[in-house]
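*Asks:* only the shape, not the letters, is given here:
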């Protein structure tokens, strides 16, 4: 497996995780009531509908679990690399944009964004080496 393949798997796993529903069915009692209209624009449904990502399949969830399990190949002593790789894996399932751009990761760590990119590469290389050693 190459580094580009691994990054693609992590991004797919992050998109799958973000597409999962945030909560399940509620046991709370529901009542029906009519909402008070605040303006005429709201009266006839002129608000844009919220676009939701499709529910991931069981196979996608299994691939997500496998990919995030690979983060354990980065030693615990290098937890910053795990954090960077995990944060960079989070990709919005609809827009395809990273939730944590390089500059935000750098600011989160108190470092330059170029350093965050280099550390991400080191974390990815550790995982690629671990996967390739496992397959031999």
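*Replies:* The structure has been received and is ready for your questions. Here the structure is a predicted model, which is why all the values come from computation and not from measurement.
*Asks:* so where's this structure uncertain?
*Replies:* 23-49 (pLDDT under 70).
*Asks:* switch to 80 and redo it
*Replies:* Applying pLDDT under 80 to the chain flags residues 22-51, 136.
*Asks:* just checking, what's the longest helix in the chain?
*Replies:* As assigned by DSSP state H, the longest helix anywhere in the chain is helix 113-135.
*Asks:* if you count neighbours, what's buried in that one?
*Replies:* Neighbour counts over helix 113-135 (16 or more other C-beta atoms under 10 Å) mark 116, 119, 120, 123, 124, 126, 127, 128 as buried. In this view, the C-beta of every residue, glycine as well, is placed from N, C-alpha and C.
*Asks:* quick check: the third one touching residue 83?
*Replies:* By that I understand residue 120. No - in this structure residue 120 lies outside contact range of residue 83 using C-beta atoms under 8 Å: 10.2 Å.
*Asks:* name the residues contacting each of the two.
*Replies:* The overlap between the contact sets of residue 120 and residue 83 (C-beta atoms under 8 Å, 6 or more residues apart in numbering) is empty.
*Asks:* separation between the residue nearest to the spatial centre of the chain and residue 116?
*Replies:* By C-alpha atoms, centre = their mean, the chain has its centre lying nearest to residue 90, at 2.4 Å. Using C-beta to C-beta, to the nearest Å, residue 90 is found at 14 Å from residue 116.
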